[in-house]
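Visitor: Below: sequence and its predicted model.
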Amino acid sequence: MPPKTAAPRRTADARLLGFYRQMVLIRRFEERAARAYTEAKIGGYCHLNLGEEATVAGLMAALGKDDYVFANYREHGYAIARGVAPERVMAELYGRADGVSRGWGGSMHMFDLASRFMGGYGIVGGQVPLATGAALAIDYRGGSEAVLCLMGDGTTNIGAFHESLNLAALWKLPIVYVVVNNGLGMGTTVEQSSAEPELHRRAAAYRMASARVDGNDPAAVHAAARTALAAARAGKPYLLETVSGRLKGHSVVDPARYRSREEAEALKAADPVAAYAVRLHQQGLLTDELIAQIDAEATTQVAAAVAFAEASPHPDVSTLFDYTYATPVPNDSRRLPADPLFPAGAPA
């Protein structure tokens, strides 16, 4: 008869391997997105999760299927890990009609109600009050869901961050605020912009529980997120800070010249995907053959996503205003920039 610990151990091992598979998929997806941007197949802004894969995998695995996610503009990996098909994410980057936002949102504005992925937001901190409002709605209805609100380190310096945390603490809302601290608000270090660089400590001003976790360890992030979500469901909002380096610039077009060669080399050496592969290899969960297999599977999946995106049609101009409002609004203007202000023959 096998020992009683065998089944839980197998489950734990499968979870660790699942983290790695997710991290590799996101890495290959983001690398291909960067390539497509340089080929002018993706327009607008494009912010990648390169270096953040462990945080993405750990956070999204901790969520329940009915929980809500609000993201900032660095969102591709989170959408995929939340269950949005990579094909739909890539098609959105390409601005195609089969994209997750019908091709009108692009990199920063992905939305999928089915997975309760409530959008990326181009304005720094724009998602924080809305996520707080969603938590208030859950509390008002007496629901059991929780909200996970993602943000970068720079968001902690805006007024809406503090206003939202204050209200969440006062009203005991079911929300976890997650600060993904990559050390740089665009090109300015956290130490140069924040009087308290350990950003989770800001929760103390609102008597809110908080923690800081190694964002390069998906299992640690997962455990911390589960603790935070359990507290939020019990009416105790939480501030979680994950520390994970950004391997590239702020966006695809940022050459990151504000980094020294030594800093860039240190980040490359701490690559969370490679480091996690080494760790699982040492634990006997990965072999060289399995590493190659997982990489090949991810590469194939991303290639299929690119093919899907390139085959998808561009959205028709007539659909531009289809999602401006959730419900019909009287006198809703659908005039395009080139259209005349007044129809032909109408009195001026």
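Guide: Right, received. Where do you want to start?
Visitor: Going by C-alpha atoms from here, please, whenever you check contacts or count neighbours.
Guide: Fine.
Visitor: Tell me which stretches of this structure form helices.
Guide: For the chain, the helices defined by DSSP state H cover 6-38, 53-62, 76-81, 86-93, 127-141, 159-171, 190-193, 218-233, 261-269, 272-282, 288-311.
Visitor: Dump those helices into TSV; add mean neighbour count, mean pLDDT and distance to Met110 as well.
Guide: Compiled in TSV, those are given as follows (neighbours: other CA atoms under 10 Å; pLDDT from 0 to 100; distance: least, CA to CA, whole Å):
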stretch	mean neighbour count	mean pLDDT	distance to Met110
helix 6-38	18	92	15
helix 53-62	26	97	16
helix 76-81	26	97	8
helix 86-93	28	98	8
helix 127-141	19	98	13
helix 159-171	18	97	22
helix 190-193	14	89	27
helix 218-233	22	98	23
helix 261-269	13	89	28
helix 272-282	17	96	25
helix 288-311	16	97	15
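Visitor: what would the ones you listed look like in TSV with distance to Phe321?
Guide: TSV is the format used below for these (distance: least, CA to CA, whole Å):
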stretch	distance to Phe321
helix 6-38	26
helix 53-62	31
helix 76-81	24
helix 86-93	17
helix 127-141	22
helix 159-171	28
helix 190-193	39
helix 218-233	36
helix 261-269	43
helix 272-282	41
helix 288-311	22
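Visitor: among these, which is nearest Phe111?
Guide: helix 76-81 (8.4 Å; CA to CA).
Visitor: As PDB, could you dump the C-alpha coordinates of the closest one?
Guide: Extracted C-alpha coordinates of helix 76-81, given in PDB (Å, rounded to 0.1, in the frame of the first residue of the first chain):
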ATOM      1  CA  HIS A  76      -0.600  39.700 -21.900                       C
ATOM      2  CA  GLY A  77       0.700  36.900 -19.700                       C
ATOM      3  CA  TYR A  78      -2.000  37.500 -17.100                       C
ATOM      4  CA  ALA A  79      -4.700  37.100 -19.700                       C
ATOM      5  CA  ILE A  80      -3.200  33.900 -21.000                       C
ATOM      6  CA  ALA A  81      -2.700  32.400 -17.500                       C
END
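Visitor: who's in contact with that helix?
Guide: Residues external to helix 76-81 that are found in contact with it (CA atoms under 8 Å, 6 or more residues apart in numbering): 22, 26, 30, 48-49, 53, 56-57, 60-61, 71, 86, 89, 107, 110, 117.
Visitor: any idea which of those is the one closest to Ala304?
Guide: Pro86 (8.8 Å).
Visitor: gap between that closest one and Ala270?
Guide: Distance from Pro86 to Ala270, counting by CA to CA, to the nearest Å: 26 Å.
Visitor: Leu165: what's its closest spatial neighbour, skipping adjacent residues?
Guide: Of all residues beyond its chain neighbours, the one nearest Leu165 is Tyr206 (7.0 Å), with distances taken as CA to CA, 6 or more residues apart in numbering.
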